[in-house]
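Student: Quick one, structure for this:
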Amino acid sequence: GMVNSTMVTGEIEVVAYEWKLLNTSKTPPFPIEDRCDAGENLRLAWRYLDLRRPRMQANLRLRHKVAQTIRRYLDEGGFVEVETPVLTKSTPEGARDFLVPSRLNPGEFYALPQSPQLFKQMLMVSGLDRYFQIVRCFRDEDLRADRQPEFTQVDIEMSFVDEEKVMSMAEGLMARVFKDVMGKELSLPFPRMRWDEAMSRYGVDKPDTRFGLEITDVSDLAATCGFQVFESAVKKGGSVRMINAKGFYKGGDQAILSRKDVDALLPFVKAYKAKGLAWIAVKEDGLQSPIVKFLGDELAAKIVERAKGEVGDIIFFGADSDDIVFASLGALRLKLARI
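Tutor: Numbering: from 1, shown residues only. Predicted coordinates:
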């Protein structure tokens, strides 16, 4: 009755007839098992113990398998892995460089590479027309969800190829990784989207398509709507676009966004240079919005119809130059999806 099915050795019982103490050990700061609720700071302070946990070991082994699969796939495609220098000259790129002082040349500094861009271009000119490297890059910039000061990337360069060959190579690489490492088949080719379509529907050129909240253009309706903010944006060559957050404004205990929450979104979009954030809420007793009086009931109804608005929806508007509208509504879309 003492079997523990959750442990690998849960069916083994050891009876000791003789034992000898070789050394003592303090109680570990957290259990060396996956069922661990220790905070990240504590686990990082005791990293060598944390790495004993099966989950952490599995992460390292997974990363190893991915790297080896990438190398096999690219080698089969005629690519050559070349290790490029880490200590190099500072070159203008998207972030600040990390600098390393030179011992032999006081006052001079090496820069850690933000990417091996210059070196791989030299390889292309030299006639090595297919290069790859699983390379460490360094960028002295603020932390983001998808970036840290040092990171590893798969860097690939090819000469004399068109867009189709580049995309096919990348699709094949991802399909091989998922098949060999995860045992999952991916259908090829992947869904593709033009840049202008991605911007008009999602506001960014790397859209998250796992949810709706797509952007809709209403510039044709707003051009002569009587609302100065909308009309001015269109006349200056910009646009008026909207996002329908379906079911976000039901009211009462069911509300996902309260009026206070809606007002709090204004400073958020202002960080993306938007001057304001107009909205229309669709309620059972009609439309609630500070801009309906400028639009008029008929035009407001047409806008809600285009947005496929229903009771409980709230429609947000951006009106400015296209770059500002795309940036602000694209960011707003992601924020709403996280609520």
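
Student: Strands of this protein, residue ranges please.
Tutor: With DSSP state E as the criterion, the chain has strands at 80-81, 99-101, 109-111, 130-138, 150-158, 215-217, 239-245, 278-283, 286-288, 314-320.

Student: Now these in TSV, please, with extra columns for mean pLDDT.
Tutor: Output for the strands of the chain, formatted as TSV (pLDDT from 0 to 100):
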stretch	mean pLDDT
strand 80-81	97
strand 99-101	95
strand 109-111	95
strand 130-138	96
strand 150-158	95
strand 215-217	96
strand 239-245	96
strand 278-283	93
strand 286-288	90
strand 314-320	96
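
Student: what's the closest of these to residue 51?
Tutor: Closest approach to residue 51 among the strands of the chain is made by strand 150-158 (17.8 Å; CB to CB). Just so you know, the C-beta spots here come from the backbone N, C-alpha and C atoms, and that holds for glycine as well.

Student: and the angle from that closest one to strand 130-138?
Tutor: 160 degrees (axes from the mean of the first three to the mean of the last three CA atoms, to 10 degrees).

Student: Just the CA atoms of strand 150-158, as CSV, please.
Tutor: Below are the C-alpha coordinates for strand 150-158, written out as CSV (Å, rounded to 0.1, in the frame of the first residue of the first chain):
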residue,chain,number,x,y,z
GLU,A,150,22.1,38.5,-25.4
PHE,A,151,20.2,36.0,-27.6
THR,A,152,20.8,33.2,-30.1
GLN,A,153,19.5,33.3,-33.6
VAL,A,154,19.7,31.1,-36.7
ASP,A,155,21.4,33.3,-39.2
ILE,A,156,21.2,32.3,-42.9
GLU,A,157,22.3,33.9,-46.1
MET,A,158,21.9,32.9,-49.7
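
Student: re earlier: can you lay out the strands of the chain as a markdown table showing distance to residue 58?
Tutor: What follows is these, written out as a markdown table (distance: least, CB to CB, whole Å):
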| stretch | distance to residue 58 |
| --- | --- |
| strand 80-81 | 26 |
| strand 99-101 | 35 |
| strand 109-111 | 36 |
| strand 130-138 | 20 |
| strand 150-158 | 18 |
| strand 215-217 | 40 |
| strand 239-245 | 38 |
| strand 278-283 | 46 |
| strand 286-288 | 51 |
| strand 314-320 | 42 |
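
Student: of all these, which lies closest to residue 209?
Tutor: Using CB to CB, the strands of the chain put strand 215-217 closest to residue 209, at 12.8 Å.

Student: May I have the strands that pair with that closest one, each with its orientation?
Tutor: strand 239-245 (antiparallel) (DSSP bridges).

Student: The partner strand: which residues count as buried?
Tutor: For strand 239-245, the neighbour count (16 or more other CB atoms under 10 Å) marks 239-245 as buried.

Student: same thing with stretch 229-238?
Tutor: Neighbour counts over stretch 229-238 (16+ other CB under 10 Å) mark 229-231, 233-234, 238 as buried.

Student: likewise stretch 83-100?
Tutor: Within stretch 83-100, the residues that count as buried by 16+ other CB under 10 Å are 84, 88, 97-98.

Student: Endpoints of that stretch, how far apart?
Tutor: With CA to CA, to the nearest Å as the measure, the ends of stretch 83-100 fall 20 Å from one another.

Student: contacting residues for residue 232?
Tutor: Residues in contact with residue 232 (CB atoms under 8 Å, 6 or more residues apart in numbering) are residue 319.

Student: how about the strands of the chain, which one is nearest residue 224?
Tutor: Closest approach to residue 224 among these (CB to CB): strand 239-245, 11.7 Å.

Student: follow-up on the earlier one: need the buried residues of stretch 229-238 in TSV with distance to residue 305, can you?
Tutor: Formatted as TSV, these follow (distance: CB to CB, whole Å):
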residue	distance to residue 305
229	21
230	17
231	20
233	21
234	20
238	23
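
Student: ok, now which ones touch the closest residue to residue 129 other than its chain neighbours?
Tutor: In space, and not counting its chain neighbours, residue 129 is closest to residue 159: 3.8 Å by CB to CB, 6 or more residues apart in numbering. Taking CB under 8 Å, 6+ apart as the criterion, residue 159 is in contact with 124, 129-130.

Student: Quick check: phi and psi on residue 159?
Tutor: As for residue 159, its main-chain torsions (degrees, to the nearest 10) stand at phi -100, psi 150.

Student: per-residue confidence for it?
Tutor: Looking at residue 159, its pLDDT reads 94.

Student: quick one on the thing from earlier: go ahead and build a ChimeraX selection from the buried members of the contacts of residue 159.
Tutor: In ChimeraX, a selection of the buried entries from the contacts of residue 159 looks like this (16+ other CB under 10 Å):
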select :129,130
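
Student: Tabulate the contacts of residue 159 (TSV), appending distance to residue 48.
Tutor: Listed next are the contacts of residue 159 as TSV, based on distance: CB to CB, whole Å:
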residue	distance to residue 48
124	42
129	44
130	40
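
Student: which one among the contacts of residue 159 gets closest to residue 223?
Tutor: residue 124 (48.3 Å).

Student: Would you confirm that the closest one contacts residue 161?
Tutor: No - the criterion here is CB atoms under 8 Å, and residue 124 misses it with residue 161 at 11.0 Å.

Student: Under the pLDDT cut-off, which ranges of the stretch 151-300 of the chain? List them.
Tutor: 250-255 (pLDDT under 70).
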